[in-house]
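Visitor: below: sequence and its predicted model.
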Amino acid sequence: GLSSFKQNHENLCDNSLQLQECREVGSSASAASSMLPQSIPSTPDIENAELTPILPFLFLGNEQDAQDLDVMQRLNIGYVINVTTHLPLYHYEKGLFNYKRLPATDSNKQNLRQYFEEAFEFIEEAHQCGKGLLIHCQAGVSRSATIVIAYLMKHTRMTMTDAYKFVKGKRPIISPNLNFMGQLLEFEEDLNNGVTPRILTPKLMGVET
């Protein structure tokens, strides 16, 4: 089960060289799971984390950030992705934002990957319209962070590990659950195999594409 997984994989690979070495071990479930970067928050101060700019137009945040109308308007945010089943679409009635809800729970059974393409299209729409986009879940730690990592994987040349490190460098509290990390790994395999084509977005400021 999950507990035995954690016990057996305490020292998870956390850089590209180790990732390659892990790949060469084999494709068994245990070998694949050993590729996952360490997903333990570097700080317990999750609730006080500030709204995080991942790219100049892409912001990762929590429930409180989605309520802060002043900050959202100051950052030119016109699009919001709510990656929860239960949190309200804050300020929806004001007609100030284009909203998308991706109903997902932070659990070991949730299929989050089913929403990747829908989220990517919404992010790209915001980018092309010159608007900022806030993606949030309850804490901005697992669900929304997973989608941001996946977006970087598809729209830049980043590997899963590089995208994870890039986002964690901006927002140290991110910690996608092991289920979501596994889905990111599967997504990377599909990108590498051409099953899911990369769409390199030009002029992603702050990211080498």
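Guide: Received it, and whenever you're ready, just let me know what you need.

Visitor: next, count neighbours for the residue nearest to L60 when sequence neighbours are not counted.
Guide: Distance criterion C-beta to C-beta, 6 or more residues apart in numbering; nearest residue to L60, sequence neighbours excluded, is T52 at 4.7 Å. C-betas here are computed from N, CA, C, even on glycine. Counted with other C-beta atoms under 10 Å, the neighbours of T52 add up to 20.

Visitor: surely T52 meets I173?
Guide: No - with contact defined as C-beta atoms under 8 Å, T52 does not count as touching I173 (9.0 Å).

Visitor: intersection of neighbour lists for the two?
Guide: G140 (C-beta atoms under 8 Å, 6 or more residues apart in numbering).

Visitor: quick one, helices of the protein?
Guide: Remark: helices assigned in the chain by DSSP state H are 2-8, 16-25, 29-33, 63-67, 69-74, 116-128, 143-155, 160-170, 178-193.

Visitor: avg pLDDT for the third one?
Guide: In this model, helix 29-33 carries a mean pLDDT of 43.

Visitor: that older thread, lowest-confidence stretch among the helices of the chain?
Guide: Of all these, helix 16-25 has the smallest average pLDDT, which comes to a mean of 38.

Visitor: so what's F59 up against?
Guide: Per C-beta under 8 Å, 6+ apart, neighbours of F59: 51-53, 65, 75, 77, 132-135.

Visitor: closest to Q110 among the residues you listed?
Guide: Lowest distance from Q110 to those (C-beta to C-beta) belongs to I135, with 16.1 Å.
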